[in-house]
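> Give me a 3D structure for the following:
(2 chains)
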Amino acid sequence: MSGIPAVILWTVILGLALGSFGLRFVFIGFMGGKPIAPWLMRHLRYTAVAIIPALVAPLVVWPVPTDGVPSLMHIAAAAATFAAGYLTRNVLIGLGTGGLALVLLYLAA
Amino acid sequence: MAITTTKSAFWQGFRDSAPFIFMASPFGFLFGVLAAEAGLIVPEAFGFSLAVFAGAAQFTALQLMQENAPLIIILVSALAVNLRMAMYSASLTPYLGDAPMWQRALAAYFIVDQSYALSIVKFENEPRLPAPQRMAYFFGTNGIIAPVWVMATALGALVGTRIPDSWGVDFVLPLAFLAMIGPMLRTPAHVAACFVAVAASLPAAALPYNLGLIAAGIAGMIAGAQAELWLERQRAKTEAAE
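Residues are numbered from 1 along each chain as shown, chains lettered A, B, ... in the order given. Prediction:
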């Protein structure tokens, strides 16, 4: 696997460190008692739950291990992982199911 | 048990956070392994976790760096995953906003899902808790999780270099994300946000420079906010009709 250039990596690390700290500090540090606007709060609630699925969906439909060819097995493994996480509300059970699905994929390949 | 001193408030936070070790350590370990697979050396993975200290955003950045996405897209996407931290910060301000600046700055670094979730429940249930004890409790919730997370990533990076490439761990990252999404879908509005983001991300993948991710993410956020408004209005209507 190709390495990530050190300049890119450290720029990302520093940028994310500063940016993440900024996001965490903005209200507690600067804004004091001023409340956050309700419309903004309403959008912030859905950031992670929108960005992460948007990132993962193309990776499932066009998986890297098959060089982007849609594969029923990869979709099945993804569906099982998601379903286990959703039904049990437990990330680790979801992750365990995903690991099991990967082993099955490996054996079937 | 009633909290009587600042010290005991810290230890109570510490104890309350203990179960989260079982989440932070395997997740940190996995980040380390995947970082090593992507070519990061141990100090790089360690520095990454220490500086950024946010699991989902780190996984996002790692994935996009491997896709050779433009720098600006990597930063915007990973920070978007972390936007909820601003919400946590806002929601903790009424409880912690009166503390000295250096404490608030330090607390900001430690705002993560677990510390927020534990603290906000504590502060709401015990509104008469004195301010220094609130801060002590908050720091307590990270007294064990933070070192465990950072050490687990370093350990994962150490082990990760020994895992042969042929095992094909390329698909582990998407599966890790999927395992994270399930428990996040707490309300119909969360489901709407997720569904719209997924539906938009597939055609949007045709956009250059990974812009599709940003576009689909924004579409999902708007869908979630609108669904929440709609549900509130429906509820108000039902209550008015009764």
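> got the buried residues for stretch B:34-50?
Neighbour-count burial for stretch B:34-50 flags B:34-40, B:42, B:44-50 (criterion: 16 or more other CB atoms under 10 Å in any protein chain shown). For glycine as for every other residue, the C-beta is placed from the backbone atoms N, C-alpha and C.
> Over to stretch B:207-222?
Neighbour-count burial for stretch B:207-222 flags B:210-222 (criterion: 16+ other CB under 10 Å).
> can I get those residues in JSON lines with secondary structure?
Formatted as JSON lines, the buried residues of stretch B:207-222 follow (DSSP: H, G, I helix; E, B strand; the rest coil):
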{"residue": "B:N210", "secondary structure": "helix"}
{"residue": "B:L211", "secondary structure": "helix"}
{"residue": "B:G212", "secondary structure": "helix"}
{"residue": "B:L213", "secondary structure": "helix"}
{"residue": "B:I214", "secondary structure": "helix"}
{"residue": "B:A215", "secondary structure": "helix"}
{"residue": "B:A216", "secondary structure": "helix"}
{"residue": "B:G217", "secondary structure": "helix"}
{"residue": "B:I218", "secondary structure": "helix"}
{"residue": "B:A219", "secondary structure": "helix"}
{"residue": "B:G220", "secondary structure": "helix"}
{"residue": "B:M221", "secondary structure": "helix"}
{"residue": "B:I222", "secondary structure": "helix"}
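> Quick check: next helix or strand after whichever helix in chain A runs longest?
Taking DSSP state H as the criterion, chain A has its longest helix at helix A:6-25. Downstream of helix A:6-25, the next assigned helix or strand under DSSP states H and E is helix A:38-44.
> Okay, buried residues for that following helix please.
Within helix A:38-44, the residues scored as buried using 16+ other CB under 10 Å are A:R42, A:H43, A:L44.
> Not counting its own residues, what contacts that helix?
For helix A:38-44, contacts defined as CB atoms under 8 Å, 6 or more residues apart in numbering or on different chains pick out A:I36, B:L83, B:R84, B:A86, B:M87, B:A90, B:M221, B:I222, B:G224, B:A225, B:E228, B:L229.
> Tabulate those (TSV), appending distance to B:R128 and secondary structure.
TSV is the format used below for those (distance: CB to CB, whole Å; DSSP: H, G, I helix; E, B strand; the rest coil):
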residue	distance to B:R128	secondary structure
A:I36	25	coil
B:L83	32	coil
B:R84	28	helix
B:A86	28	helix
B:M87	25	helix
B:A90	22	helix
B:M221	36	helix
B:I222	39	helix
B:G224	35	helix
B:A225	34	helix
B:E228	31	helix
B:L229	34	helix
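> Quick one: buried ones out of these?
A:I36, B:L83, B:R84, B:A86, B:M87, B:A90, B:M221, B:I222, B:G224, B:A225, B:E228.
> which two from those residues end up farthest apart in space?
The most widely separated members of the buried ones among the contacts of helix A:38-44 are B:A90 and B:I222, with 19.7 Å between them, by CB to CB.
> can you pull the contacts of the residue sitting nearest the centre point of chain A?
The residue lying closest to the centre of chain A (CA atoms, centre = their mean) is A:I52, at 4.0 Å. Contact analysis of A:I52 by CB under 8 Å, 6+ apart lists B:A56, B:T60, B:V81, B:F177, B:M180, B:I181, B:M184.
> What about the residues you listed, which one has the most neighbours?
The residue in the contacts of A:I52 with the most neighbours, by other CB atoms under 10 Å in any protein chain shown, is B:T60 (27 neighbours).
> coming back round to it: list just the nearest of the contacts of A:I52 to A:F30.
Of the contacts of A:I52, the one sitting nearest to A:F30 (CB to CB) turns out to be B:V81, at 22.0 Å.
> gap between that closest one and B:T161?
From B:V81 across to B:T161, the span is 27 Å (CB to CB, to the nearest Å).
> Helices of chain B, residue ranges please.
Under the criterion DSSP H, chain B carries helices at the ranges B:6-17, B:21-37, B:42-52, B:55-66, B:71-81, B:84-96, B:101-109, B:113-125, B:131-140, B:145-160, B:172-184, B:188-204, B:211-241.
> possible to save these as JSON lines with mean pLDDT?
Output for these, formatted as JSON lines (pLDDT from 0 to 100):
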{"stretch": "helix B:6-17", "mean pLDDT": "92"}
{"stretch": "helix B:21-37", "mean pLDDT": "89"}
{"stretch": "helix B:42-52", "mean pLDDT": "93"}
{"stretch": "helix B:55-66", "mean pLDDT": "91"}
{"stretch": "helix B:71-81", "mean pLDDT": "92"}
{"stretch": "helix B:84-96", "mean pLDDT": "87"}
{"stretch": "helix B:101-109", "mean pLDDT": "94"}
{"stretch": "helix B:113-125", "mean pLDDT": "88"}
{"stretch": "helix B:131-140", "mean pLDDT": "95"}
{"stretch": "helix B:145-160", "mean pLDDT": "93"}
{"stretch": "helix B:172-184", "mean pLDDT": "87"}
{"stretch": "helix B:188-204", "mean pLDDT": "96"}
{"stretch": "helix B:211-241", "mean pLDDT": "93"}
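> what would the ones you listed look like in JSON lines with distance to A:G15?
Output for the helices of chain B, formatted as JSON lines (distance: least, CB to CB, whole Å):
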{"stretch": "helix B:6-17", "distance to A:G15": "29"}
{"stretch": "helix B:21-37", "distance to A:G15": "17"}
{"stretch": "helix B:42-52", "distance to A:G15": "9"}
{"stretch": "helix B:55-66", "distance to A:G15": "9"}
{"stretch": "helix B:71-81", "distance to A:G15": "5"}
{"stretch": "helix B:84-96", "distance to A:G15": "15"}
{"stretch": "helix B:101-109", "distance to A:G15": "16"}
{"stretch": "helix B:113-125", "distance to A:G15": "21"}
{"stretch": "helix B:131-140", "distance to A:G15": "26"}
{"stretch": "helix B:145-160", "distance to A:G15": "19"}
{"stretch": "helix B:172-184", "distance to A:G15": "21"}
{"stretch": "helix B:188-204", "distance to A:G15": "23"}
{"stretch": "helix B:211-241", "distance to A:G15": "16"}
